[in-house]
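> What follows is a predicted structure for the sequence shown.
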Amino acid sequence: MIAALALLAAVHPALGTRDAACAPGETGPAFLVTVDGLKDRRGRLRLELYPANDADFLADDDWLVAAGKPFRRVDLPVPIAGPVTLCIRAPAPGRYAISLLHDRDANHRFSLWHDGVGFAGNPVIGWWKPHARDAAARVGDAPTRLSITLNYRHGLFSFAPIDR
């Protein structure tokens, strides 16, 4: 899990962003993701779209782009207040794996001790990455709503939503 999450916060934050941001009133294939369970309102949120297979899910973004595989990234500051919804465009209708990172110090790297992570389908997170099938969702010709709950380090050996 640790190596996979390190890839989630790759050093090329602009890679995959060109076609990722939704237009106002987006009508094509896209995911409208409601973010639940933010620990605080600092840092950045990074929403990423991957092919829905284990070989490509959380793979190196440089490799995915060079191989012509679907990869998109939306990277925005955490809003100061209010509900948080991010929108990411999909290349076409289909099934995609979706990840969300709360990069609390905005350094473009995953910190096991501080940052939060979540996936479509909200699978239980341990010290391993979830299977792509458990972190995937289907999108049609129009935007699809998802809700992702962020998980933060909980105790010594696991990740879990924060206690409220």
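Structure's in. What do you need?
> Could you use CA atoms for every contact and neighbour count after this?
OK.
> Which strands border the lengthiest strand in the chain, and is each parallel or antiparallel?
What stands out as the longest strand in the chain, according to DSSP state E, is strand 94-103. When pairs are called by DSSP bridges, strand 94-103 turns out to pair with strand 44-51 (antiparallel), strand 116-119 (antiparallel), strand 136-139 (antiparallel).
> gap between that strand and the chain center?
The offset between the C-alpha centroid of strand 94-103 and the centroid of the whole chain comes to 3 Å, using CA atoms, centre = their mean, to the nearest Å.
> Would you mind measuring the gap between the ends of stretch 45-63?
When the termini of stretch 45-63 are compared using CA to CA, to the nearest Å, they are 22 Å apart.
> Next, format the strands paired with strand 94-103 as CSV and append mean neighbour count and distance to residue 129.
Putting the strands paired with strand 94-103 into CSV (neighbours: other CA atoms under 10 Å; distance: least, CA to CA, whole Å) gives the following:
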stretch, mean neighbour count, distance to residue 129
strand 44-51, 24, 14
strand 116-119, 27, 10
strand 136-139, 20, 13
